[in-house]
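Visitor: sharing a model that was predicted from the sequence below.
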2 protein chains.
Amino acid sequence: MITSKQALDIILDNTENFGTEEIPFLESLGRILKEDIFADRDFPPFNRVSMDGIAVSYDTFTKGIRVFGIENIQAAGSTQLTLKDTEHCIEVMTGAVLPKNVDAVIPYELISIKNGKATVELDEIKRLQNVHLQGADRTNNERLLKKNTIISPAEIGVFATIGKSLVKVAKQPKVMIISTGDELVEVSEIPLTHQIRRSNSYNLVSLLQDLKINADTAHITDDKPLLKQRIEQFLTIYDVLLFSGAVSKGKYDYLPEVLDELGVKKLFHKVKQRPGKPFWFGYAVPFGMSEQDGDECHSERVERSEESHTVVFAFPGNPVSTFVGCVKYFYPWFKKSQEIEYENRQKAILSEDYFFKPELTYFLQVKLENNNGMLYATPVTGNGSGDLANLALADGFLEFPDDRNEFKKGEVFPLIMYR
Amino acid sequence: MITSKQALDIILDNTENFGTEEIPFLESLGRILKEDIFADRDFPPFNRVSMDGIAVSYDTFTKGIRVFGIENIQAAGSTQLTLKDTEHCIEVMTGAVLPKNVDAVIPYELISIKNGKATVELDEIKRLQNVHLQGADRTNNERLLKKNTIISPAEIGVFATIGKSLVKVAKQPKVMIISTGDELVEVSEIPLTHQIRRSNSYNLVSLLQDLKINADTAHITDDKPLLKQRIEQFLTIYDVLLFSGAVSKGKYDYLPEVLDELGVKKLFHKVKQRPGKPFWFGYAVPFGMSEQDGDECHSERVERSEESHTVVFAFPGNPVSTFVGCVKYFYPWFKKSQEIEYENRQKAILSEDYFFKPELTYFLQVKLENNNGMLYATPVTGNGSGDLANLALADGFLEFPDDRNEFKKGEVFPLIMYR
């Protein structure tokens, strides 16, 4: 059995590139930018008035003149005016172009205006005061945003200001989420005594929504020929299959053998971790084109390039196992595939001693608290991997290493947050 | 001029209730739950097998019997079987109901099966081992989720498992985002030298998308009658108006007087802060029903109750001022309105000394790093409130108090994150 670290390394060695697409900038929040973004002009594009008031000539002011006849008004959005008489001033508005022949702005708060004249009660002013100089923030063609940035509201504003109506982002993988298990009925159904409703699929759907992936879902009963037929079809359509269930030692856990029969290459099955030990991972080479038979005739893949693999994450069917599997393994796989930071740098401080006996990596459910800039994690121990409701009491998982049993208050461990 | 704390207190004294609505559970991610959620049955609903293997009678095992004839198979999703001969066993699958007359599950890993007989090589077992007892996690009618929870993927799974197809969530306010300023042109246009493109509106749109609010947008030129006419109309339709611009001292900053003429009650104008000093906040009583004239005839409000106010946040037009205004004031107003935790408990540790002279609350742009569970904030100083591109280099704002100028490395300050 491999360790959790080995499992993650194998998964990260099998990332995929899904290409790029152009989408309207206002729909790009949370997506991954796939082009560098450059300034289309200087920022600001002109010497910009940054206070409402009057604009004067600094030299005139230093000559001792304190009363200025108002020659004109420079509004924001108007073409640049010129001060004709340098002993005059022009009223200027925030956001306006600084007029010609002036080089200092004195705000209304520091002047009085009467009979078309502005009187300034100041001993000194600075040249270019309250002027936001052309190119002071960024210059034309300067890079504003780097490729492979996750788009936040800050980036949306930058797209708008440079007129980037369409932005190039990473295409999302086509993902199918498949639950198995004859005990499962639909959310809208009333389960019999020995049945329960499907819930893992919907945990996965919403965990993927957080990544802006709209996944499809399917349920397959524990019927081997049917399972095989449906998966064969999904392999031709999807980039990723996420399974929940049917990977353990049960008589009807057909998934590993069905995947094998379909030529899906197993990279590992079972990881030294709790929850989620019987996790299976592998990939399918393009349909009709096994790795040995490179020149065999190809059958069609719907909407997919023939070079791309279908990656298969098959998580154990317990709710917490499936949930951890997604955030611990699928999330970094997705992020590395999209070429963004995928290493988990989040850590938290354990707030009380904890003991865990088995020599497995343990994902402990924790509640988080930011206490004066320090992130504390308090265990929210449930009844194990079947305890779905406990997930709603926690904020994330603390990851305990597999080489010891005692974890002390104040120690720091990697953290995976899900809210 | 009031302080930032006073401003926030006034804003939080003027929250609104937008009611509730029922939506499909899979569309509820990020929304606010408005009902307690109870278990519809025990969790698990039956004594559930939690390992694949054989189920035996504990008493039979303690009598020394180690070879058990396999009587039947209990699959997940099948009705409960009964062990007929207590010296036999039943093969059982994870997720299945524990059969009658057995009370311990021995996993396949610890047995060998030959000729229809299972041989156990163990000295002892425990009664009820590998059985997840009915009601062990939660009991029927126990509360699983509290009203006023922000819905995460964990809650989605709980909705699914109890068959909650429709969930009651807080209705979102109807929000209109209005930019002003004759210098602004559309994103798709090529600005003339003295023009720039609208960007603040889109920052706001995406900041609201993060709260799952789909806001409308409008642009109004610096034309007083037009401004008045459009705002009058918006007041009849929207719960919230978010303005960017036209609140300072400029000749065309008509907004405060227009709002006054329309009977919108000013609660404050100008806050001791940077950026964003000329921030204006107030509310409109229902149209045709001023606070003095309670019994005047009412005109219609489209899709709104006549009791609800329209709340008006008018932020200064500099990009960083608008951005800070939204996350510092609108966000907590929205959260308190929806009855969720609105106090900002996030804090970060300043990673280097910083000096800021004016006696104003200062919102410093910072880059964040989680270093061993401690959250460090490093200044990303731009060129002031007009420097839109700088927002994309930072992750949030550190809030410095207005009563001093020096801020030391290692000190802890409130943090507002926007990514």
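Guide: Right, received. Where do you want to start?

Visitor: point me to the residue of the stretch 1-150 of chain A nearest chain B.
Guide: A:G77 (3.1 Å; C-beta to the nearest C-beta). To be clear about C-beta, it is placed using only N, CA and C from the backbone, and glycine gets the same treatment.

Visitor: pretty sure that residue contacts B:G181?
Guide: Yes - between A:G77 and B:G181 a contact is recorded at 6.7 Å, counting by C-beta atoms under 8 Å.

Visitor: between these two, tell me which one has more neighbours.
Guide: Using other C-beta atoms under 10 Å in any protein chain shown, the more surrounded residue of A:G77 and B:G181 is B:G181, with 26 against 21.

Visitor: now for the least confident helix or strand in chain A by mean pLDDT, which elements pack on it?
Guide: Using mean pLDDT, DSSP states H and E, helix A:388-391 stands out as the lowest-scoring helix or strand of chain A, at a mean of 91. Here helix A:388-391 touches helix A:319-325, helix B:153-161, going by 3 or more C-beta pairs under 8 Å, 6 or more residues apart in numbering or on different chains; DSSP states H and E.

Visitor: residues in contact with the shortest one?
Guide: Contacting residues not belonging to helix A:319-325 are listed as A:199-200, A:203-204, A:207, A:244, A:275-277, A:279, A:313, A:315-316, A:363, A:365, A:382, A:384-388, A:390-391, A:397, A:416, A:418, B:153-154, B:157 [C-beta atoms under 8 Å, 6 or more residues apart in numbering or on different chains].

Visitor: narrow the residues you listed to those in strands?
Guide: Among those, the members found in strands (DSSP state E) are A:244, A:313, A:315, A:363, A:365, A:397, A:416.

Visitor: what would the residues you listed look like in CSV with distance to chain B and pLDDT?
Guide: Shown next, in CSV, are the ones in strands among the contacts of helix A:319-325 (distance: C-beta to the nearest C-beta, whole Å; pLDDT from 0 to 100):
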residue, distance to chain B, pLDDT
A:S244, 11, 96
A:F313, 16, 98
A:F315, 13, 97
A:F363, 14, 97
A:Q365, 10, 97
A:F397, 11, 97
A:I416, 12, 98
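
Visitor: which two from these end up farthest apart in space?
Guide: Within the ones in strands among the contacts of helix A:319-325, two members stand farthest from each other by C-beta to C-beta: A:F313 and A:Q365, at 20.9 Å.

Visitor: any part of the helix of greatest length in chain A near chain B?
Guide: Ranked by residue count, the top helix of chain A under DSSP state H comes out as helix A:224-237. No - contact of helix A:224-237 with chain B (C-beta under 8 Å from any C-beta of the partner chain) is absent, the minimum separation being 13.2 Å.

Visitor: swap in stretch A:153-167?
Guide: Yes - Stretch A:153-167 is in contact with chain B by C-beta under 8 Å from any C-beta, via A:153-165.

Visitor: just the buried ones out of those, please.
Guide: Taking 16 or more other C-beta atoms under 10 Å in any protein chain shown as the criterion, what is buried in those is A:153-164.

Visitor: closest one of those residues to B:T139?
Guide: For those, the closest approach to B:T139 (C-beta to C-beta) belongs to A:P153, at 43.8 Å.

Visitor: read off the pLDDT value for the closest one.
Guide: Per-residue pLDDT puts A:P153 at 98.

Visitor: any idea how many residues pack against the residue nearest to A:P275 when sequence neighbours are not counted?
Guide: Leaving aside its sequence neighbours, A:P275 sits nearest to A:S385 (C-beta to C-beta, 6 or more residues apart in numbering or on different chains; 3.5 Å). Per other C-beta under 10 Å, the neighbour tally for A:S385 reads 23.
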